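**Q** take a look and give me a structure for this.
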Amino acid sequence: MENLFFYILILLLFTEIFASWTWMSVYFRYGIPVFRRKVRVRRFRPEFADELERIHYSKLSLPLLFRAISMREIAFREKAYGIYWLRYAPVMRGLIYVSQDRKEVLLRGFLNGYVILLLVFLPLMLALDEVWPYYLVLLTAVSIIYAIQRHRFDKVGDNLEMLHGK
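**A** As a prediction, the model looks like this:
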């Protein structure tokens, strides 16, 4: 049973990596939402993706990459490779979605599937007394990474407001 869990985790990881690297729109549009923020903007264009990517470039941590996936949506995620001072496995991916009237932008962060698998199914697959100390470490690590990413996603919203807000 433990081997099955491991194979499912590996399969899910490769599926997520493929969906993220190929910017599959369905991957960025749907998931378990764990971050949400509304931003008022004067106008919205898919070209904002290039502008946001230039602003969020960092040599210390993973740069954020942005890609327009429709006329009303920009997907974003952290760069998957490279050598940076602060390196971690991202727990969420983002979507910038503009309302019909193009006056309000919604930023959403969706939980990556491997995190769900690790946090929910790992304790079910293994004996709880064996995994309990490791589970607390894993939960702490995921919480810290979420806090880092939440701060970075908030900065995306701040920059949208600064550049194109009312």
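
**Q** just name the shakiest helix or strand of this protein by mean pLDDT.
**A** helix 122-125 (a mean of 69; mean pLDDT, DSSP states H and E).

**Q** next helix or strand past it?
**A** Going down the chain from helix 122-125, the next helix or strand is helix 128-164, by DSSP states H and E.

**Q** quick one: buried residues of that next one?
**A** By 16 or more other Cβ atoms under 10 Å, the buried positions in helix 128-164 come out as 135, 138, 142, 145-146, 148-150, 152-153, 156-157, 159-160, 164. Using the backbone N, CA and C atoms, a C-beta is placed for each residue, glycine as well.

**Q** likewise for stretch 28-39?
**A** Using 16+ other Cβ under 10 Å as the test for burial, stretch 28-39 gives 28, 31, 34-35, 37, 39.

**Q** correct me if wrong: residue 44 contacts residue 72.
**A** Yes. The criterion here is Cβ atoms under 8 Å, and residue 44 meets it with residue 72 at 7.4 Å.

**Q** so what's residue 73 up against?
**A** The contact partners of residue 73, by Cβ atoms under 8 Å, 6 or more residues apart in numbering, come to 25, 28-29, 95-98.
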